[in-house]
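Student: Here is my input, please return the structure:
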Amino acid sequence: MTIRKTAVAGQFYPATAPEIERMFGYFNEMLEKSIRDPKLLETETRAVIVPHAGYIYSGFTANVAHRLLGNADLKRVLVIGPSHRVYLEGTSVGPFDAYETPLGDLPGDRELAEEIVAAFGMGFVPQAHAEHSTEVQFPFLKAFQADVKVVEMVYGDEDAARLARVIAWALKRPDTGVVISTDLSHYYDIQKAKSLDAICLEAVSSLNPARLHEGCEACGKIGVEGMLIAARELGLEPMILDYRTSADASGDESQVVGYMSAAFI
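Tutor: Just a heads-up that it's a prediction; the model follows:
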């Protein structure tokens, strides 16, 4: 049995279940207090964009999307994120039987992973799977969909159109979901960051992949573009769920990172 071990527990998110549960409880309490339309929390989606910073910075934003994803009756989820540590040509697909989290293991879908590799000419680079952009999503999935099966996909120098084909292929299965991981601009002052991030938000809200190439500096831009192309093909409508920067948590507006979450309905 091949288990994808945690690599960033205790760094990007707490290493113990009680700490994570307290954070998630806080995020949900704040969401329920701040939301304008409570019916939003009943929304079902099978495709989301989420951030991947430390939970103290972007956990609230990610939690909104994962909560809506949890409303869908999913059997499997593709978690797709950019590689930050290992150079990759293309995409590495994890053939794992399980994914370790402090909340308990998530089952892996090795059969689906092998199907993706065969159908789309992708491979497996083991060292790519200590990636935080994907790993920080696993505790959310465990909390909201304890038995959902996961396939981790980490990409480097990849063609957004090929990722789009994988995403569309997956979403044509009614019991399959997709999580696209990205942060937005990095380390600008807050005014510049919001200006750049507005381009990303506009691209997502208008399903306009070309707009991403007019100044959006999302680190997971390839995955976002793939999602937008697939959403257009499938007739999905985008919904921006949350946007904020690291300054909301730190108070430091001199060098911020932007975060957003979105759902496709």
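Student: going forward, measure contacts between C-alpha atoms and count neighbours the same way
Tutor: Noted.
Student: ok, now which ones touch Val64?
Tutor: 28, 31, 241-242, 261 (Cα atoms under 8 Å, 6 or more residues apart in numbering).
Student: Look up how far Pro38 lies from the most centrally placed residue in the chain.
Tutor: Nearest to the mean C-alpha position of the chain, counting by Cα atoms, centre = their mean, stands Ser181 at 2.9 Å. Shown here: Ser181 relative to Pro38, a distance of 25 Å by Cα to Cα, to the nearest Å.
Student: Can you report phi and psi for the residue nearest to the centre of the chain?
Tutor: Phi and psi for Ser181, reported as degrees, to the nearest 10, are phi -110, psi 130.
Student: So it sits against Gly223, correct?
Tutor: Yes. Between Ser181 and Gly223 there is a contact at 7.4 Å, judged by Cα atoms under 8 Å.
Student: The closest residue in space to Thr134 that isn't next to it in sequence in helix, strand or coil?
Tutor: Excluding the flanking residues, the one nearest Thr134 by Cα to Cα, 6 or more residues apart in numbering is Gly81, at 5.4 Å. Under DSSP: H, G, I helix; E, B strand; the rest coil, Gly81 falls in the strand class.
Student: Check the burial of Gly81 by counting its neighbours.
Tutor: Burial of Gly81 is recorded as 31 neighbouring residues (other Cα atoms under 10 Å).
Student: Hmm, Ser133 and it touching each other?
Tutor: Yes. Using Cα under 8 Å, Gly81 is in contact with Ser133, at 5.5 Å.
Student: Quick check: neighbours shared by those two?
Tutor: Joint contacts of Gly81 and Ser133 (Cα under 8 Å, 6+ apart) are 181-182.
Student: so how far is Gly220 from Asp147?
Tutor: Asp147 is 27 Å from Gly220, by Cα to Cα.
Student: Ok, Ile240 next?
Tutor: Ile240 is 17 Å from Gly220, by Cα to Cα.
Student: Please identify which of the two sits among more neighbours.
Tutor: Using other Cα under 10 Å as the criterion, Ile240 and Gly220 rank with Gly220 on top: 24 against 17.
Student: what touches both of Ser181 and Gly223?
Tutor: Joint contacts of Ser181 and Gly223 (Cα under 8 Å, 6+ apart) are 80-82.
Student: can you put these in JSON lines and add pLDDT and distance to Ala119?
Tutor: Shown next, in JSON lines, are those (pLDDT from 0 to 100; distance: Cα to Cα, whole Å):
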{"residue": "Ile80", "pLDDT": "99", "distance to Ala119": "17"}
{"residue": "Gly81", "pLDDT": "98", "distance to Ala119": "20"}
{"residue": "Pro82", "pLDDT": "98", "distance to Ala119": "21"}
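Student: Ser246 and Tyr57 touch, don't they?
Tutor: Yes. Applying Cα under 8 Å as the test, Ser246 and Tyr57 come out as touching, 5.4 Å apart.
Student: any shared contact partners between those two?
Tutor: Common neighbours of Ser246 and Tyr57 (Cα under 8 Å, 6+ apart) do not exist.
Student: tell me the secondary structure for Arg244?
Tutor: With three-state DSSP as the criterion, Arg244 reads strand.
Student: Quick check, Ala9 in contact with Ala15.
Tutor: Yes. When contacts are counted by Cα under 8 Å, Ala9 is listed as touching Ala15 (4.8 Å).
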